[in-house]
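In: Coordinates for the following, if possible.
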Amino acid sequence: MKTKNYRENISKLIDNNNYRILRETVKNGKYIIFNNREYLNLSSNDYLGISDDVVLWHNFLENKILNANNFLGSNCSSRLLTGNSEQYAQLENYLAQLYKSEAALVFNSGYHANIGILPALTTKRDLIINDKLVHASIIDGIKLSDAENIYYQHNNTEQLEEILKTKRHLYKNVFIVTESVFSMNGDYADLVKLIEIKEKYDTFVYVDEAHAIGTIGKQGLGLSEELNITSKIDFIIGTFGKAVASQGAFVICNNLFRNYLINKMRSLIYTTALPPIILEWTYFILQYVVTMKNERLHLKQISDFFRNKISSLGYKTNGSSQIIPLIVGENIKCIKLADYLQDNGVFILPVRPPTVPDGTSRLRFSITANINLSEIENVIKLLENIKHEM
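Out: Model (predicted):
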């Protein structure tokens, strides 16, 4: 039977507690409605809590859309044909201005960015060295490239430097690739050290700031802004689909690489351009995001409070950001803990292999700025009550 192996694979996923389903949900601010029940949503990337801000949306509609002279529904073409609407230039110029960079280039998604940039820039004469825990989209991009690839253990910059000592002379170009805030660990890369290594060994540095955009830095431009090193990073990748509450992604780079990507990047060239209304919304909301200093401060405070409290209860966690993993280990225990929290009104889902390494299944708490301290304390109390069963 042609479908036998597919059925067997599905059965294996079920047996290993790794089977996934799609859930139909409705957002309601910091809450989510699922199966006709309302939950506190701790599984979202809406880090600033603005994705369904009605006031912002109405303001956008009144000022940008209802008075628009042209229909903004779709570009109906790739950017290299007729889809490069004026809204792209508006957004890219603003991004370049924010980062004090020569150029920016906008893509349809973070996945499009990460599967396209490295394959476009590298050849068989090049080497990509990545942190072992970079996002799946980066891994896919590396696989699509012709470059040689070596990974270093998570945040092990000593191992990275040892690789460069022995391998750098064998390659024309070397790309060091990392996330700034790691999506499943919530911890930071040592970007200052990576820049030091870059300058010592004449490499490029590629940093995915997806989970830092909006949440870190004076204007929410990411960890690179916080550390005042944006100008020293060759490729800064950011997304609009998380804290910025829109859709799409971007790279900050120089004009040479912008033009090169336009000519060589397949996931940019061979896809329909984003609708103008999305680009207008991103430009509109991004101008608001950069002003949200109080929300960033509140997010930092409640995230630190939550992490410290669950650690004091004896749970295994790590990181420094608004992403707080509670590492359980076994799939079935992780599922049971998630079910317990859901039974008590907290929407949290288990994260299991292959998203995380075997034996490290976890609950990934994503804290958002519209959550208050009392709600955090309630979750901590629930975790305290169940601790003896873990």
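
In: contacts, neighbours, all on C-alpha from now
Out: Noted.

In: CA-only coordinates of the longest helix anywhere in the chain in PDB, if you can.
Out: The single longest helix within the chain, with elements called by DSSP state H, is helix 293-312. Extracted in PDB, the C-alpha atoms of helix 293-312 (Å, rounded to 0.1, in the frame of the first residue of the first chain):
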ATOM      1  CA  LYS A 293       9.600  52.100  26.500                       C
ATOM      2  CA  ASN A 294       7.200  51.600  29.500                       C
ATOM      3  CA  GLU A 295       5.800  48.400  28.000                       C
ATOM      4  CA  ARG A 296       9.400  47.100  27.500                       C
ATOM      5  CA  LEU A 297      10.300  47.900  31.100                       C
ATOM      6  CA  HIS A 298       7.100  46.200  32.400                       C
ATOM      7  CA  LEU A 299       7.700  43.200  30.200                       C
ATOM      8  CA  LYS A 300      11.300  42.900  31.600                       C
ATOM      9  CA  GLN A 301      10.200  43.200  35.200                       C
ATOM     10  CA  ILE A 302       7.400  40.600  35.100                       C
ATOM     11  CA  SER A 303       9.500  38.200  33.000                       C
ATOM     12  CA  ASP A 304      12.400  38.400  35.500                       C
ATOM     13  CA  PHE A 305       9.900  38.000  38.400                       C
ATOM     14  CA  PHE A 306       8.300  34.900  36.900                       C
ATOM     15  CA  ARG A 307      11.600  33.300  36.000                       C
ATOM     16  CA  ASN A 308      13.100  33.800  39.500                       C
ATOM     17  CA  LYS A 309      10.000  32.500  41.200                       C
ATOM     18  CA  ILE A 310       9.700  29.300  39.300                       C
ATOM     19  CA  SER A 311      13.400  28.700  39.700                       C
ATOM     20  CA  SER A 312      13.000  29.100  43.500                       C
END
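
In: If you count neighbours, what's buried in that helix?
Out: Neighbour counts over helix 293-312 (16 or more other CA atoms under 10 Å) mark 293, 295-296, 298-300, 302-307, 309-310 as buried.

In: for the very next helix or strand once past it, the distance to its chain's centre please.
Out: Proceeding N to C from helix 293-312, the next assigned helix or strand is strand 323-329, under DSSP states H and E. The chain centre lies 17 Å from the centre of strand 323-329; the measure is CA atoms, centre = their mean, to the nearest Å.

In: Who are the packing partners of strand 323-329?
Out: Counting contacts by 3 or more CA pairs under 8 Å, 6 or more residues apart in numbering; DSSP states H and E, the secondary-structure elements packed against strand 323-329 are helix 293-312, strand 361-366.

In: elements contacting the very next helix or strand once past that strand?
Out: Using DSSP H and E, the helix or strand that follows strand 323-329 in sequence is helix 331-343. Contact here means 3+ CA pairs under 8 Å, 6+ apart; on that basis helix 331-343 packs against strand 350-351, strand 361-366.

In: Quick one: those strands as TSV, columns for mean pLDDT, mean neighbour count and distance to Ser224 too.
Out: Listed next are the helices and strands packed on helix 331-343 as TSV, based on pLDDT from 0 to 100; neighbours: other CA atoms under 10 Å; distance: least, CA to CA, whole Å:
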stretch	mean pLDDT	mean neighbour count	distance to Ser224
strand 350-351	90	22	28
strand 361-366	95	25	21
